[in-house]
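>>> this one's structure only:
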């Protein structure tokens, strides 16, 4: 899972993976002595009361980034969408984030331990967080301790941040959307491309495959990205990942994928994707973020 909060407020898609690890020692809650970085497989039950203050549902209501505090929203998202955490007494926890434009939730699984400093150490194969309790609130920071702090309060139920969808729709209404699609036109950052995107033919620059199990894969310059999709309204679905989302419409035989901010791609259906040797122009491949979220050009001044 990517970091919940990134440094770039202007970006629609949050980025920056957790790197590094903590040198803190962990308590062995099975009671057999202190160990370094115990795993969930080695621990089955918590044997002391140090974890009790952390158990239950917690929802973010405030965040501090680079010394600035956010109390209503962060980068256009409600604070309640940043982190919804439930800590269980079986040494597991769920983290729910819904930082895409329609508030679609994704859940990530964690295990936890208690450190010698009586902090909750949330961990997964990809990232980790240290959590402490102060004055009835939980304060969570990244394992790499970049200075960001997320403040959570206990709740009985989580806030639903999802935008309502039209009732009565089912996957069968989207059977014509399923299959393989190649780009015919790409509009991004005010430019329209119909032949090539850089060194790449437009039809291989963006490819999309939609499956009837509510999953999809969109490849950008040969890099596949997994998404989920769900019915949104008649003739339109919504496709999302962690921090980005796309409305998808079918107009005649053209599939239109729109992030409703910067990127709009028109696709044509194909039986199979065209073969293309991406390695032949590998040095020309732009970073994914540059395509999905191009940075605004800095204004230049002349004296």
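Right, received. Where do you want to start? Quantities reported herein were computed from a predicted structural model and do not represent experimental measurements. Numbers count the residues shown, from 1 in each chain.
>>> now do the SS call for the spatially most central residue of the chain.
The structure's the chain has its C-alpha centroid closest to residue 242; by Cα atoms, centre = their mean the separation is 2.0 Å. The three-state label given to residue 242 by DSSP: H, G, I helix; E, B strand; the rest coil is coil.
>>> oh, and call the first residue 779 from now on, that's how I've got it
New numbering, starting at 779: the last item is residue 1020.
>>> quick one: pLDDT of residue 786?
Looking at residue 786, its pLDDT is 29.
>>> with residue 922 instead?
Model confidence at residue 922 (pLDDT) stands at 84.
>>> measure it to residue 905 for me?
Residue 922 sits 9 Å away from residue 905, going by Cβ to Cβ, to the nearest Å. C-beta coordinates here come from the backbone N, C-alpha and C atoms, glycine included.
>>> what are the contacting residues of stretch 870-880?
Here stretch 870-880 makes contact (Cβ atoms under 8 Å, 6 or more residues apart in numbering) with 779, 782, 790, 792, 818, 855, 859-866, 882-890, 900, 936, 939-941, 1010, 1016, 1018-1023, 1037-1039.
>>> for ChimeraX, what selects the buried ones among those?
To isolate the buried subset of the contacts of stretch 870-880 in ChimeraX, counting by 16 or more other Cβ atoms under 10 Å, use the following:
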select :779,782,790,792,855,859,860,861,862,863,864,865,882,883,884,886,888,889,890,900,936,939,1010,1016,1018,1019,1020,1021,1022,1023,1037
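>>> the contacts of stretch 870-880 in strands, which ones?
The strands, defined by DSSP state E, take in 855, 862-865, 884-890, 900, 1010, 1016, 1018, 1023 from the contacts of stretch 870-880.
>>> assign a three-state SS to residue 953, would you?
Residue 953 - assigned by three-state DSSP - is helix.
>>> tell me, how many residues neighbour it?
Residues lying near residue 953 (other Cβ atoms under 10 Å) number 9.
>>> next up, the contacts around the closest residue to it other than its chain neighbours.
Among residues not flanking residue 953 along the chain, residue 990 sits closest, at 7.5 Å (Cβ to Cβ, 6 or more residues apart in numbering). Each residue near residue 990 by Cβ under 8 Å, 6+ apart is listed here: 949, 953, 956.
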